[in-house]
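J.: What shape does this take:
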Amino acid sequence: MSIKTSNDDIYISFNQTNNYSCFGTSIGFYIYQISPFNKILSRKIDGGVSLVKMLHESNIIIFVGRSDRGMYPNYKLIIWDDQKKNVLGEISYNSKINNIDLTKDHIIVVCDKKIYIYAFETLTLIKSIDKNTD
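T.: Alright, predicted model coming up:
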């Protein structure tokens, strides 16, 4: 879900247990515990973050950059391990990523013309589905 504010678009998602919320902004991403409401993590990302998801209540975060250039462009999925403070993997596409989701077993990526499903452990493509362009 995205919210448009007076000077920025903010992307909001919740983890699978709904105990944490993730915010993607023009300067990076933030993770907040819901109850009690408390910031637990913030990372500055050059160019900002358009999509961000947290795996359950773990240190694994997936995100997509906001711009079409730079280290984290909007056509590259980044799998981030915040405990190790490094990128575990990345997957690039030929078009902008429109949405992402993940479970302990799968990562789903939605682009303009296709939906991609990957095995989480190996980042192996399981299936790609053509979207109708009618």
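J.: Enumerate every residue touching the nearest residue to residue 23 once chain neighbours are set aside.
T.: By the measure of C-beta to C-beta, 6 or more residues apart in numbering, the closest residue to residue 23 outside its immediate chain neighbours is residue 30, 4.5 Å from it. Just so you know, the C-beta spots here come from the backbone N, C-alpha and C atoms, and that holds for glycine as well. The neighbours of residue 30, taking C-beta atoms under 8 Å, 6 or more residues apart in numbering as the test, are 22, 23, 39, 41, 42.
J.: Drop anything exposed from these.
T.: 22, 23 (16 or more other C-beta atoms under 10 Å).
J.: from the contacts of residue 30, which single one is nearest residue 103?
T.: Each of the contacts of residue 30 was scored against residue 103 by C-beta to C-beta, and residue 22 proved nearest at 15.3 Å.
J.: Which strand residues bridge that closest one?
T.: residue 13, residue 31 (DSSP bridges).
J.: Any chance of JSON lines for the contacts of residue 30, columns distance to residue 88?
T.: Converted to JSON lines, the contacts of residue 30 look like this (distance: C-beta to C-beta, whole Å):
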{"residue": "22", "distance to residue 88": "17"}
{"residue": "23", "distance to residue 88": "21"}
{"residue": "39", "distance to residue 88": "23"}
{"residue": "41", "distance to residue 88": "16"}
{"residue": "42", "distance to residue 88": "19"}
